[in-house]
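Asker: Pasted the sequence and its predicted model underneath.
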Amino acid sequence: MITIKEVAELAQVSQATVSRTLNGHSSVKEANKQKVYAAMEELGYQPNTFAQALASNRSCSIGMLVGTLDGPFYGPMMHEVEKVVRSENYHLIITSGHEEYDEEHESIRFLRSKKVDGLVLTVDTLSDSELLEISRQNEATVLINRYIPEMADRCVWLDNEKGGFLATEYLIKKGHTQIGCISGQLSKVDSRDRLQGYRNALSHYGVDYNPNAVVEGRFDHQCNHDAIRRLLDRDIPLTAIFCMNDNIAMTAYTLCLERGLRVGEDISIIGFDNVPFGQHMTPGLTTVDFPIQKMATAAAKKVMAIVKGKSSASQPIEPIEPTIISRGSVKNLA
């Protein structure tokens, strides 16, 4: 079996330098790193990762908690985080909280039991104080799509309130004043923020807010048929609907067409997220861009920088600005 001593002798560096290189220590000069890697390759040396973890008090793994393990939102998020983590010779352990309080708690306990070096969390039910306590126990905790002022340097988030404002403003500027809204679950911060943005835009442009024009749906596919039917059955002369994500918008397309309403002509629809299928709908779905790949990459780089001692808890991360992706689902009445 090849040993660290043999790698050090071939690379003409100390055994301590080999050890620090294997553990990703930032103090090792790049030239020495390359010598160590070349010697390892020549000798066919395979590091004992379990022994490394014991010696360095690191598992060389990052834990990630997501809402669900499928769908067009979390899939790209997990892919981008895993790509960054693997590029740093770490492994990603993923679990799902299913947007349930007990399951989110249990998932975090599970990740801690694996002695992960850092956490990337997308959570819906845990309170700010609970997340702050988690971050105190592991400084390398980064939140995606959640903002807590005390963790501003470890929150990678989209300004959802502004996104709701922009979506509603877009419809108003196209001449729409009778604007319905299908929200996500109002237990979720995203939904409440987007709803506040919707109301802010109506107020800003002098359009009366009608609570009967708002129906609670879900960000997944459950129950949205009923929510949209209820909205369409109400005695409101709607010309447009703001759907708080593209899943909801896709269901709205189906139900409007069932009622003989042509999307982009008889009824206008705007979504939120800009998932790939939106551009292939007929007409193409106008939506608010939610750059999840960009956010996931930023979160993964942040957690790795903290783990490797290259980032200090100091500078707040600026929110990612939402933008409108304009396609054919909104008719210009102006």
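Answerer: Received it, and whenever you're ready, just let me know what you need.
Asker: So which residues of the stretch 101-250 of the chain form strands?
Answerer: Under the criterion DSSP state E, counting those that start in this stretch, the stretch 101-250 of the chain contains strands at 118-121, 141-144, 155-156, 179-183, 214-216, 240-243.
Asker: can you list those strands in a markdown table and add distance to Gly271, mean pLDDT and mean neighbour count?
Answerer: Where you see a C-beta, it was placed from the backbone N, CA and C, and this is true even at glycine. Listed next are those as a markdown table, based on distance: least, CB to CB, whole Å; pLDDT from 0 to 100; neighbours: other CB atoms under 10 Å:
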| stretch | distance to Gly271 | mean pLDDT | mean neighbour count |
| --- | --- | --- | --- |
| strand 118-121 | 26 | 96 | 27 |
| strand 141-144 | 20 | 96 | 24 |
| strand 155-156 | 22 | 95 | 23 |
| strand 179-183 | 10 | 98 | 25 |
| strand 214-216 | 15 | 97 | 18 |
| strand 240-243 | 5 | 98 | 28 |
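Asker: Present those as CSV; the columns should include distance to His79.
Answerer: Output for these, formatted as CSV (distance: least, CB to CB, whole Å):
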stretch, distance to His79
strand 118-121, 13
strand 141-144, 13
strand 155-156, 16
strand 179-183, 28
strand 214-216, 30
strand 240-243, 25
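Asker: Could you list the buried residues of the helix or strand hosting Thr17?
Answerer: When elements are defined using DSSP states H and E, Thr17 is found to belong to helix 15-22. Residues of helix 15-22 classed as buried under the neighbour-count rule (16 or more other CB atoms under 10 Å) are Thr17, Val18, Ser19, Arg20, Thr21, Leu22.
Asker: Would you tell me what the next helix or strand after that helix is?
Answerer: helix 30-43.
Asker: Quick one: mean pLDDT over that following helix.
Answerer: For helix 30-43, the per-residue pLDDT values average out at 87.
Asker: So which of the strands of the stretch 101-250 of the chain is nearest Lys308?
Answerer: Taking CB to CB as the criterion, strand 118-121 is the member of the strands of the stretch 101-250 of the chain that comes nearest to Lys308, at 9.6 Å.
Asker: Need the phi and psi values for Glu80.
Answerer: In terms of degrees, to the nearest 10, the main-chain angles of Glu80 are phi -70, psi -40.
Asker: so it touches Ala296, yeah?
Answerer: Yes - counting by CB atoms under 8 Å, Glu80 does reach Ala296; the two are 3.7 Å apart.
Asker: Look at these two and report which has more neighbours.
Answerer: It is Ala296, of Glu80 and Ala296, that has more neighbours when counted by other CB atoms under 10 Å, with 26 against 19.
Asker: Can you list the neighbours in contact with the strand or helix carrying that one?
Answerer: Following DSSP H and E, the helix or strand that holds Ala296 is helix 292-307. The set of residues external to helix 292-307 that reach it, using CB atoms under 8 Å, 6 or more residues apart in numbering, is 58, 62, 73, 76-81, 83-85, 88, 90, 117-120, 139-145, 154, 156-158, 273, 311, 313, 317, 320.
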